[in-house]
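**Student:** Requesting a structural model of the entry that follows:
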Amino acid sequence: MQVFIFLMCALCGVSSGIVYDVLYIARVFVCGTDKAGYTVKDKIFTCLCDLIYFGALSAMFIFVSVCFEFYTIRLYMLIGCALGALIYLKSLHLIIAFFIKKAYNSLVKVKLPRGKRNGRRKTQQSSGGNND
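**Tutor:** This next block holds a predicted model:
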């Protein structure tokens, strides 16, 4: 029975990866891909996405626990959820992230002029002159 519970928790972790990808897509299209240039609004949106992800994972875990009558939380159940999410993030998420970045970059290239990507202007360094 414990193997079945472990596998169900791992499946719950994999399912949470799908939720993560939906939130990842939203985060890329709202905040962009350049994490170094995030504004306060972008950081708040990222925190909200992380809270939604945690809430969805918790709700899925509780739902699976109630449906299959896993009334006590064991360490192997939490390890199963974490392992399932890790497996998803190290496999399918990499493929999805690659295509999302390609789509975002091609969308930004079409919509915005060259100097205004991510809503920020690129600064040009002056050649020569005084630095005082």
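
**Student:** When you work out contacts or count neighbours from here on, use the C-alpha atoms and nothing else.
**Tutor:** Will do.

**Student:** Residue 96 - how many residues pack around it?
**Tutor:** By other C-alpha atoms under 10 Å, the residues close to residue 96 number 15.

**Student:** Oops, could you answer that again for residue 41 instead?
**Tutor:** Close neighbours of residue 41, defined as other C-alpha under 10 Å, add up to 11.

**Student:** Kindly report the same for residue 91.
**Tutor:** Residue 91 sits with 10 neighbouring residues when counted by other C-alpha under 10 Å.

**Student:** Repeat that for residue 94.
**Tutor:** Using other C-alpha under 10 Å as the criterion, residue 94 is surrounded by 13 other residues.

**Student:** which helices and strands sit right next to the longest helix along the chain?
**Tutor:** The single longest helix within the chain, with elements called by DSSP state H, is helix 2-31. Packing contacts for helix 2-31, counted by 3 or more C-alpha pairs under 8 Å, 6 or more residues apart in numbering; DSSP states H and E, involve helix 40-67, helix 75-90, helix 92-111.

**Student:** any idea of the mean pLDDT for it?
**Tutor:** Averaging the model's pLDDT scores along helix 2-31 yields 89.

**Student:** and if you look at stretch 56-76?
**Tutor:** Summarised as a single mean, pLDDT over stretch 56-76 is 88.

**Student:** quick one: contacts of stretch 30-38?
**Tutor:** Around stretch 30-38, the neighbours that count as contacts under C-alpha atoms under 8 Å, 6 or more residues apart in numbering are 42, 45, 101, 104, 118.

**Student:** could you dump it to PDB, C-alpha only?
**Tutor:** What follows is stretch 30-38, C-alpha atoms only, in PDB (Å, rounded to 0.1, in the frame of the first residue of the first chain):
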ATOM      1  CA  VAL A  30       3.900  39.700 -18.000                       C
ATOM      2  CA  CYS A  31       7.400  40.100 -16.700                       C
ATOM      3  CA  GLY A  32       9.700  39.100 -19.500                       C
ATOM      4  CA  THR A  33      12.600  36.800 -19.500                       C
ATOM      5  CA  ASP A  34      15.300  39.100 -18.100                       C
ATOM      6  CA  LYS A  35      15.200  38.500 -14.400                       C
ATOM      7  CA  ALA A  36      17.900  41.100 -13.700                       C
ATOM      8  CA  GLY A  37      15.600  43.800 -15.000                       C
ATOM      9  CA  TYR A  38      12.500  43.000 -13.000                       C
END
